[in-house]
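Structural data only, the sequence is not supplied:
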């Protein structure tokens, strides 16, 4: 028979063995690879001490607070880990494109420096994804081509090219054309005559009449002036260096009047015409340029037609 003390000790040991064999077995050994089922079998305290995917968000918060995957540092595979999305950028760690602009949150932060929470970072009327993927505009610059029109207005309102500041190639920026009321898609609008586009004519020695060749050249000038009806024309007439100054001054005025009369007879109103008789040409001809059959040189016996720009702007090229 057991003595009372030994009997009590024996009873305690047996009871403990029974309890240990019949009680809960716990989570068991940690599986490899780790599974979500295993993690969810752990206590809250254990989960709060674990960061299975190394993203700096503990497993408890991932499972029960943010509903992210505690086994993947980047749950939505957008290029940002869950911690950065939650605590730095405020993006949704469960959605790869938080602002739904066609760019992943990771690309917005790491590649384009755009705002992953604002679909139109530069507020130009185009979302960041369209700027990057479709129009090749700068999602950080509301006016990529610097023409004073926002990229959104160019695409959505005017139909102009947001990466070309002069869509129709006429020398006037798209913004200027819109401001002036001309068509930025039409290279002939506004009609514009550049310096040097009107023909210069020449005269015979001591003559002010318009020759057949001069008439052909002036007719081309008339066509340009009729097309660009807002433009005026200034006639600067000269003589060569043969003869006296006063005589040549009067001769240059007669030449200027001859050209002006031709313009008026062919549909250019008088109020569009300025004329100046300037006497002897400012630079004498070189000896080699002198006429062989008449005194002086034809190069200086001339009338220049200069366009008079009515606009406050000139072409960029």
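Noted; the coordinates are in hand. Keep in mind the model is a prediction, meaning the values are calculated, not measured.

On the three-state scheme, residue 233 is what?
Under DSSP: H, G, I helix; E, B strand; the rest coil, residue 233 falls in the strand class.

Next, count neighbours for it.
23 (other C-beta atoms under 10 Å). Quick note: C-beta positions are derived from backbone N, CA and C, even for glycine.

again, but for residue 187
Residue 187 has 13 nearby residues by other C-beta under 10 Å.

cool, residue 35 as well?
By other C-beta under 10 Å, the burial measure for residue 35, its neighbour count, is 12.

go on, residue 137?
Count around residue 137 with other C-beta under 10 Å applied: 26.

quick one: contacts for it?
Contacts for residue 137 (C-beta atoms under 8 Å, 6 or more residues apart in numbering) come out as 124, 126, 131, 144, 151, 162-163.

Just the pLDDT at it, thanks.
Looking at residue 137, its pLDDT is 98.

So it, which state does it fall into?
Residue 137 - assigned by three-state DSSP - is coil.

Please determine how far it is located from residue 145.
8 Å (C-beta to C-beta, to the nearest Å).

Now the common contact residues for those two.
With C-beta under 8 Å, 6+ apart, residue 137 and residue 145 have common neighbours 162-163.

Only whichever of the contacts of residue 137 are buried, select them in PyMOL.
Buried subset of these, written as a PyMOL selection, criterion 16 or more other C-beta atoms under 10 Å:
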select buried, resi 124+126+131+144+151+162
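
Could I get the contacting residues of the closest residue to residue 110 other than its chain neighbours?
Once flanking residues are discounted, residue 110 sits nearest to residue 79: 6.1 Å by C-beta to C-beta, 6 or more residues apart in numbering. Counting by C-beta under 8 Å, 6+ apart, residue 79 makes contact with 104-107, 109-110.

In a markdown table, list the residues you listed along with secondary structure.
Output for the contacts of residue 79, formatted as a markdown table (three-state DSSP):
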| residue | secondary structure |
| --- | --- |
| 104 | coil |
| 105 | helix |
| 106 | helix |
| 107 | helix |
| 109 | helix |
| 110 | helix |
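
Could you save those residues as TSV and add columns showing pLDDT, neighbour count and distance to residue 303?
Below are the contacts of residue 79 laid out as TSV (pLDDT from 0 to 100; neighbours: other C-beta atoms under 10 Å; distance: C-beta to C-beta, whole Å):
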residue	pLDDT	neighbour count	distance to residue 303
104	98	22	68
105	98	26	70
106	98	22	70
107	98	20	65
109	98	21	68
110	97	11	67
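
So, low pLDDT: which residues of the protein?
For the chain, the stretches with pLDDT under 70 are 1-27.

hey, where'd the strands end up in it?
Here the chain has its strands, by DSSP state E, at 201-202, 232-239, 273-280, 302-308.

Just say which of those strands is most tucked in.
Mean neighbours per residue, mean count of other C-beta atoms under 10 Å, is largest over the strands of the chain for strand 232-239, with a mean of 23.

where exactly do the helices run in the stretch 1-150 of the chain?
4-22, 36-40, 44-48, 59-60, 82-83, 105-107, 128-130 (DSSP state H, counting those that start in this stretch).

burial count for residue 203?
Residue 203 has 26 nearby residues by other C-beta under 10 Å.

Surely it and residue 301 touch.
Yes: using C-beta atoms under 8 Å, residue 203 is in contact with residue 301, at 4.4 Å.

Name all residues that sit in contact with these two at the same time.
The contact lists of residue 203 and residue 301 share residue 255, where a contact means C-beta under 8 Å, 6+ apart.

List the contacts of the closest residue to residue 159 other than its chain neighbours.
In this structure, residue 159 finds its nearest non-sequential neighbour in residue 185, 6.4 Å apart by C-beta to C-beta, 6+ apart. When contacts are counted by C-beta under 8 Å, 6+ apart, residue 185 touches 158-160, 167-168.
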